[in-house]
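Participant: Only the shape, not the letters, is given here:
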């Protein structure tokens, strides 16, 4: 082998290493899933925040359960929220009276009020309608149609 061939092979080998490093950097930059990793890390952070919030709620509920765990607290809760009484006691509810201070039998239960006849029942609450005159023209059909569909209002 001659000196020129040896120098030529040596200079060619000298450029192979930087060219290989550059190619590896381009391949790594092009195919490296940086955006996917970024999104996954964002999802992991959001999930971790949700877990911390659930742990705080769990600790609050645990402390609330410990405070209601006593018999006196359970009895108070049963009386306040569910109108339950202890055995041997009776529950008395006082209903509000009318303006004269007397309770009428129909004011306590709406089912005891007398029925209203259909002719006296108001069809639309709070709206007054005036009857429209009927015409013998094409407008008569439209006015009848509008009156028929007034229940949609």
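Facilitator: Noted; the coordinates are in hand. Bear in mind that the values here come from a model prediction, so they are computed numbers and not experimental data. Residues are numbered from 1 along each chain as shown.
Participant: helices or strands up against the helix or strand where residue 59 lies?
Facilitator: Assigned by DSSP states H and E, residue 59 belongs to helix 34-68. The contact analysis (3 or more C-beta pairs under 8 Å, 6 or more residues apart in numbering; DSSP states H and E) places helix 34-68 against helix 71-82. Just so you know, the C-beta spots here come from the backbone N, C-alpha and C atoms, and that holds for glycine as well.
Participant: Please repeat the previous calculation with a cut-off of 6 Å.
Facilitator: Taking 3 or more C-beta pairs under 6 Å, 6 or more residues apart in numbering; DSSP states H and E as contact, there are no helices or strands that helix 34-68 lies on.
Participant: neighbours around residue 59, how many?
Facilitator: Residue 59 is flanked by 10 other residues according to other C-beta atoms under 10 Å.
Participant: Same question for residue 78.
Facilitator: Neighbours of residue 78 (other C-beta under 10 Å): 13.
Participant: so it makes contact with residue 84?
Facilitator: Yes: with contact defined as C-beta atoms under 6 Å, residue 78 counts as touching residue 84 (4.1 Å).
Participant: Go ahead and report the secondary structure state at residue 92.
Facilitator: Put simply, residue 92 is coil when judged by DSSP: H, G, I helix; E, B strand; the rest coil.
Participant: What degree of burial does it show, as a neighbour count?
Facilitator: Using other C-beta under 10 Å, residue 92 is surrounded by 6 other residues.
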